[in-house]
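1. Fold the following.
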Amino acid sequence: MKKILKQKPGSFFSHTALFLLFIANAALVTSKSTIEPCSNSDSCNALLGYTLYTDLKVAEVASLFQVDPIAILTTNAIDFSYPDVENHILPSQLFLKIPIRCSCVDGIRKSVSTHYKTRPQDTLSSIADSIYGGLVSADQIREANSIQDPSVLDVGQSLMVPLPCTCFNGTDNSLPAIYLSYVVNPVDSLAGIAARYSTTITDLMNVNAMGSAAITAGDILAVPLSACASNFPKYASDHGLIVPNGSYAIIASHCVQCSCGPGNRNLYCMPSSLAVSCSSMQCKKSKLMVGNVTVQQSSGGCNVASCSYGGIVNGTIITWLSTSLQPRCPGPQQFPPLVAPPTRVSRDLDYAPAPAPQSDGTGTVTKPKSTVPASGSIPGFPPASGPMAIGSSSNGCSLSLVNPLATVPAALFILLFTKLIMPLPL
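-> Modelled structure (predicted):
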């Protein structure tokens with residue numbers, strides 16, 4: 001005779017309710033993002049880490065974010081001298097750093113200069129998750145545009161797309177830095193991201209107010225990149241310019257090209273090859289042009305004279321002539337290497353996800369190979385105005401949104417489900 005196992009009255013329903021409760025809580029596990037509170041109207045240069053959702057021309061990517069196509073190329077050290085480079089087709093899944101202005105809006109840092117015109121079949125979710133690569137959520141777009149019914153979008157409707165960014169006074173460990181908003185990929189690890197951008201796990205954890213090194217796909221991290229900062233006067237229209245190490249910036253109506261690196265923090269500016277109609281770039285009382293340096297060895301050292309770019313004011317380029325006596329004569333200016341406009345994506349490239357560094361068996365950790373020069377940051381401590389975690393006793397000025405359920409192991413849910421489907425004896 002077969003023995004029939006019966007469940008106790010109500011036990012199935014009670015266990016099912018418990019299971020559904022856990023599933024409901026699991027659904028609340030969302031990605032986290034670092035937020036920097038602010039109280040003034042200033043802005044800064046910042047970067048977005050963006051992965052192309054399909055093949056796009058350089059100009060199309062620029063249009064998505066309302067930025068200069070040349071700025072995208074120079075930020076990624078892509079050679080902009082190629083013919084018709086703005087119509088060059090970039091491959092799907094290519095990772096790019098997008099330069100933006102980070103403003104203070106409603107008490108927090110974010111970029112609000114991006115607008116998107118809706119197309120047939122668009123939804124808020126597809127715009128957020130696919131077109132903008134998870135840099136924004138559907139709810140954030142809905143709230144920013146006061147949309148009552150997200151299921152109804154008019155074709156051609158202009159939507160403001162709020163994008164994440166941080167400034168932190170343009171420093172990391174008291175050194176110039178520009179912050180990249182990076183969307184975590186499923187294969188990413190914090191160690192891999194730190195290695196990729198030449199920083200440390202500790203620095204990333206401090207900057208993002210993380211209690212542990214655990215990260216989840218969809219998280220948006222603020223990654224400090226080493227940079228060269230300008231000292232242009234406040235009345236200059238390009239005041240506050242900061243250029244990531246290993247890259248360029250074309251400024252002053254395409255008249256001036258500035259570069260940072262490799263391996264130093266000195267911003268170097270010179271006339272741009274794109275210059276068409278520009279004001280004089282010659283230093284007063286000198287024959288030197290912006291970027292020119294003369295050296296003369298003497299018994300007391302090296303006499304150095306240089307003509308530097310000092311910003312642009314009302315369309316007029318400001319120049320500074322300086323002379324100094326240095327112990328040694330400076331060597332030739334080193335420029336960041338340029339790469340050809342990409343035509344394909346490889347797993348080895350800098351724009352691929354950042355898994356944990358691999359060991360070659362000798363104890364040496366190897367980093368992923370790079371084709372597009374990465375903008376690294378100098379290892380160190382968090383910026384003086386860096387973020388703090390919610391509930392911290394410190395009086396910092398930033399905070400990180402963290403969902404505590406994000407650390408609950410998936411195995412717990414599997415175990416609970418297994419126990420549920422097993423019959424319970426009387």
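2. now V293, nearest residue through space, not along the chain?
-> Closest residue to V293 apart from its sequence neighbours, by CB to CB, 6 or more residues apart in numbering: S306 at 4.5 Å. Yep, even glycine has a C-beta here, placed from its N, CA and C like the rest.
3. ok, now which ones touch the one you found?
-> Each residue near S306 by CB atoms under 8 Å, 6 or more residues apart in numbering is listed here: 288, 292-294, 321-323.
4. Need the residue closest to the centroid of the chain.
-> L180 (2.1 Å; CA atoms, centre = their mean).
5. How much space separates that residue from I220?
-> Plainly put, L180 is 10 Å away from I220 if you go by CB to CB, to the nearest Å.
6. And the strands in the stretch 51-200 of the chain, which stretches?
-> 56-57, 89-90, 95-105, 108-111, 115-117, 158-160, 163-164, 171-172, 175-183 (DSSP state E, counting those that start in this stretch).
7. Then the stretch 251-400 of the chain?
-> With strands called from DSSP E, counting those that start in this stretch, the stretch 251-400 of the chain shows them at 256-260, 267-271, 293-298, 301-313, 316-326, 358-359, 365-366, 388-389, 399-401.
8. now for the ones you listed, which one comes closest to Y53?
-> strand 399-401 (24.8 Å; CB to CB).
9. I'd like to know the average pLDDT value across the closest one.
-> Strand 399-401 shows a mean pLDDT of 49.
10. Make sure T323 is actually in contact with V304.
-> Yes - counting by CB atoms under 8 Å, V304 is a contact partner of T323 at 6.9 Å.
11. Neighbour count: the two, which is higher?
-> For T323 and V304, the more surrounded residue by other CB atoms under 10 Å is V304, and the numbers stand at 17 against 10.
12. could you list every residue that touches C258?
-> Applying CB under 8 Å, 6+ apart, we find C258 in contact with 228, 230, 241, 243, 248-249, 251, 267-270, 309.
13. Which member of the residues you listed is positioned nearest R101?
-> The closest of those, once distances to R101 are taken by CB to CB, is L241, at 11.4 Å.
14. For P91, see how far away A217 is.
-> Counting by CB to CB - A217 and P91 are separated by 22 Å.
15. Please disregard the earlier target; I meant P244.
-> Plainly put, P244 is 22 Å away from P91 if you go by CB to CB.
16. cool, and H115?
-> Distance, H115 to P91, by CB to CB: 26 Å.
17. now swap in L241 and tell me
-> Applying CB to CB to L241 and P91 gives a distance of 30 Å.
18. More neighbours: those two, which one.
-> Using other CB under 10 Å, the more surrounded residue of L241 and P91 is L241, with 21 against 15.
19. How many residues are close by the residue nearest to that one when sequence neighbours are not counted?
-> In this structure, L241 finds its nearest non-sequential neighbour in S230, 4.2 Å apart by CB to CB, 6+ apart. As a burial measure, S230 scores 22 neighbours (other CB under 10 Å).
20. Return the residues in contact with S230.
-> Contacts of S230 by CB under 8 Å, 6+ apart are 238-242, 258, 267, 311.
21. Just give the closest residue to L48, not the sequence neighbours.
-> Closest to L48 by CB to CB, 6+ apart is I98, at 4.2 Å.
22. who touches the one you found in this structure?
-> Residues near I98 by CB under 8 Å, 6+ apart: 47-50, 61, 65, 67, 72, 75.
23. gap between G315 and S277?
-> Going from G315 to S277 by CB to CB gives 10 Å.
24. do the same with A46
-> Distance, A46 to S277, by CB to CB: 30 Å.
25. How about T294?
-> Using CB to CB, we find T294 at a distance of 28 Å from S277.
26. Looking at these two, which has the bigger crowd around it?
-> Legend: neighbour count by other CB under 10 Å for T294 and S277, higher for T294 (13 against 8).
27. Was I right to think that one contacts L288?
-> Yes - the pair T294 / L288 is scored as a contact, 7.0 Å apart, by CB under 8 Å.
28. neighbours around T123, how many?
-> Using other CB under 10 Å, the number of residues around T123 comes to 14.
29. If you could redo that for H254, that was the one I meant.
-> 16.
30. R109 now?
-> 24.
31. Which strand residues bridge it?
-> C104 (DSSP bridges).
32. ok, it - contacts?
-> 35-38, 102-103, 165-167.
33. Low-confidence ranges, this protein, go.
-> Scanning the chain for pLDDT under 70 picks out 1-31, 347-426.
34. what about the helices in it?
-> Assigned by DSSP state H, the helices in the chain fall at 11-27, 58-65, 69-75, 124-126, 138-144, 190-196, 201-207, 410-421.
35. buried stuff in the fifth one?
-> For helix 138-144, the neighbour count (16 or more other CB atoms under 10 Å) marks 138, 140-142, 144 as buried.
36. cool, and the shortest one?
-> By neighbour count, with 16+ other CB under 10 Å as the criterion, the buried positions of helix 124-126 are L124.
37. same for that helix, what does it pack against?
-> Secondary-structure packing of helix 124-126 (3 or more CB pairs under 8 Å, 6 or more residues apart in numbering; DSSP states H and E): helix 138-144.
38. Show me what the helix it packs on packs onto, helices and strands only.
-> helix 124-126, strand 158-160.
39. May I have that helix exported as PDB, CA atoms only?
-> Below are the C-alpha coordinates for helix 138-144, written out as PDB (Å, rounded to 0.1, in the frame of the first residue of the first chain):
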ATOM      1  CA  ALA A 138      12.700  54.800 -17.100                       C
ATOM      2  CA  ASP A 139      11.300  56.300 -13.800                       C
ATOM      3  CA  GLN A 140      13.900  59.100 -13.900                       C
ATOM      4  CA  ILE A 141      12.900  60.100 -17.400                       C
ATOM      5  CA  ARG A 142       9.200  59.900 -16.500                       C
ATOM      6  CA  GLU A 143       9.700  62.200 -13.400                       C
ATOM      7  CA  ALA A 144      12.000  64.600 -15.300                       C
END
